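whatever this is, show me its structure:
(one chain, ligands or ions: 1)
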Amino acid sequence: MNVINKEISFGEIEQVFQIENAIFGNSIKESIVKSLNSETSKYFISKCEGEVVAFCNLYIYDTEAEIINIAVKEEFRGFGISKQLFNFSLKKCSKVEVVFLEVKESNRVAINLYNSLGFEFSGRRKRYYSSNEDAIVMKKQRRK
Ligand SMILES: CC(C)(COP(=O)(O)OP(=O)(O)OC[C@H]1O[C@@H](n2cnc3c(N)ncnc32)[C@H](O)[C@@H]1OP(=O)(O)O)[C@@H](O)C(=O)NCCC(=O)NCCS
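Numbers count the residues shown, from 1 in each chain. Here you go, the predicted model:
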């Protein structure tokens with residue numbers, strides 16, 4: 001599978017919006033548009049034969065980053081795309097030394113992904129989600 005990773009461009013906003021909305025149900029197109037000129041919010045994407053198949057949204061606060069969302073279209077899962085996309089995204093954020101994220105305790109696939117990327121358990125936020133589910137906070141220290 002020929003997949004390329006890149007930072008989002010204007011012409012890819014609609015596709016990312018559709019994927020984010022389909023998977024998380026809360027995408028805000030304006031936020032994606034604003035990320036084009038933002039040093040804080042970044043969208044990185046994976047494309048396969050011209051089609052956007054995955055995205056990774058990071059917030060950057062100087063030397064710290066947070067993964068806001070990462071997702072792969074269902075039919076493209078299990079091919080290592082999210083792993084490659086995250087590693088690409090982190091490479092592009094050269095100042096970042098530590099990355100945090102929150103994930104639903106029940107989201108075993110995502111927790112496996114983050115473990116395989118070198119994230120470690122950092123804490124728990126009780127009833128963090130509207131469903132009352134706890135969030136697991138994970139942290140990855142970058143190795144220089
Ligand atoms: C989580 C998600 C991004 C993984 O994307 P993906 O491209 O399919 O994942 P990869 O193929 O890169 O696999 C990376 C790791 O995830 C884990 N993983 C992937 N698919 C898995 C599955 N079906 N069951 C268990 N673990 C799985 C594995 O640890 C894998 O690493 P390994 O192959 O070295 O063992 C994807 O399933 C998705 O979009 N899920 C819905 C959105 C979501 O939950 N995002 C996270 C929000 S916090």
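
residues of the protein that sit close to the ligand?
Within the chain, the residues that sit near the ligand (C-beta under 6 Å from any ligand atom) are 23, 70-72, 77-83, 103, 107, 109-110, 112-113, 116. To be clear about C-beta, it is placed using only N, CA and C from the backbone, and glycine gets the same treatment.

so of those residues, which ones are in helices?
In this view, the residues of the chain next to the ligand that belong to helices under DSSP state H are 23, 81-83, 109-110, 112-113, 116.

just the buried residues of those.
The neighbour count (16 or more other C-beta atoms under 10 Å) marks 23, 81-82, 110, 113 as buried among these.

which residues in this structure form helices?
Under DSSP H, the chain gives helices at 13-24, 29-35, 81-92, 108-116.

export these to JSON lines and tack on mean pLDDT and distance to residue 41?
Below are those laid out as JSON lines (pLDDT from 0 to 100; distance: least, C-beta to C-beta, whole Å):
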{"stretch": "helix 13-24", "mean pLDDT": "96", "distance to residue 41": "12"}
{"stretch": "helix 29-35", "mean pLDDT": "95", "distance to residue 41": "4"}
{"stretch": "helix 81-92", "mean pLDDT": "97", "distance to residue 41": "12"}
{"stretch": "helix 108-116", "mean pLDDT": "98", "distance to residue 41": "20"}
